[in-house]
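In: sequence unavailable; structure follows:
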């Protein structure tokens, strides 16, 4: 795959500069990430995240990304858990509630009915939008490659190179923030984390007559 084609945009992957890369190890993963919620540890090349309550564990990047970025990482559920493989971008933290603040959330096998999609979390805990589908089915325990990000509010998520969800946030879209991972009442393992600055081209789309 050399590009991601969105509505009105074409992301050129060969021009997307990698600005962060983490292969987890026991020694220095905490130099790059901060545990905000849930239980996190390193084990056999993976970051393991666990949250057993009806809420999201959060692992945040210490680095703040002020550009349009996308995250690519390998992730799977850990038995007996089967659900909610989630990431966040353009995120901040609400210190008053000790919970996720403004953020874009990307997920697979979640939202209580094995759905995939994207949503926006607001600083006050509300959810301004959700864009979900039941068309993608995740096999519990299978490692997938998840890519997600936003271009000035134009969210997208791919699983193993296939575009699963896309949403254009036109209401004061989020720009800049931390990236992170969020097991929601589940156990996840994550490895090979890459953050790239998004390079894209605007494209004009139109139909030629078919008849």
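Out: Arrived safely, thanks for sending. Predicted model only: the values in this text are computed from it and were never measured.
In: please make it C-alpha for all contacts and neighbour counts, starting now.
Out: Fine.
In: parallel or antiparallel, list what pairs with the biggest strand by length in the chain.
Out: For the chain, the longest strand by residue count, based on DSSP state E, is strand 184-197. When pairing is defined by DSSP bridges, strand 184-197 lines up against strand 18-22 (antiparallel), strand 46-56 (antiparallel), strand 69-77 (antiparallel).
In: export those as JSON lines, with columns for mean neighbour count and distance to residue 188.
Out: Output for the strands paired with strand 184-197, formatted as JSON lines (neighbours: other Cα atoms under 10 Å; distance: least, Cα to Cα, whole Å):
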{"stretch": "strand 18-22", "mean neighbour count": "14", "distance to residue 188": "17"}
{"stretch": "strand 46-56", "mean neighbour count": "18", "distance to residue 188": "5"}
{"stretch": "strand 69-77", "mean neighbour count": "23", "distance to residue 188": "5"}
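In: those strands: which one's closest to residue 163?
Out: strand 69-77 (13.2 Å; Cα to Cα).
In: now what about the closest one, what contacts it?
Out: For strand 69-77, contacts defined as Cα atoms under 8 Å, 6 or more residues apart in numbering pick out 83, 85, 140-151, 179, 186-198.
In: residues contacting whichever helix or strand comes after it, please?
Out: Where DSSP states H and E defines the elements, the next helix or strand beyond strand 69-77 is strand 85-91. For strand 85-91, contacts defined as Cα under 8 Å, 6+ apart pick out 65, 75-77, 100-110, 148-150, 174-184, 188.
In: parallel or antiparallel, list what pairs with strand 85-91.
Out: By DSSP bridges, strand 85-91 pairs with strand 103-110 (antiparallel), strand 178-181 (antiparallel).
In: thanks a lot, catch you later.
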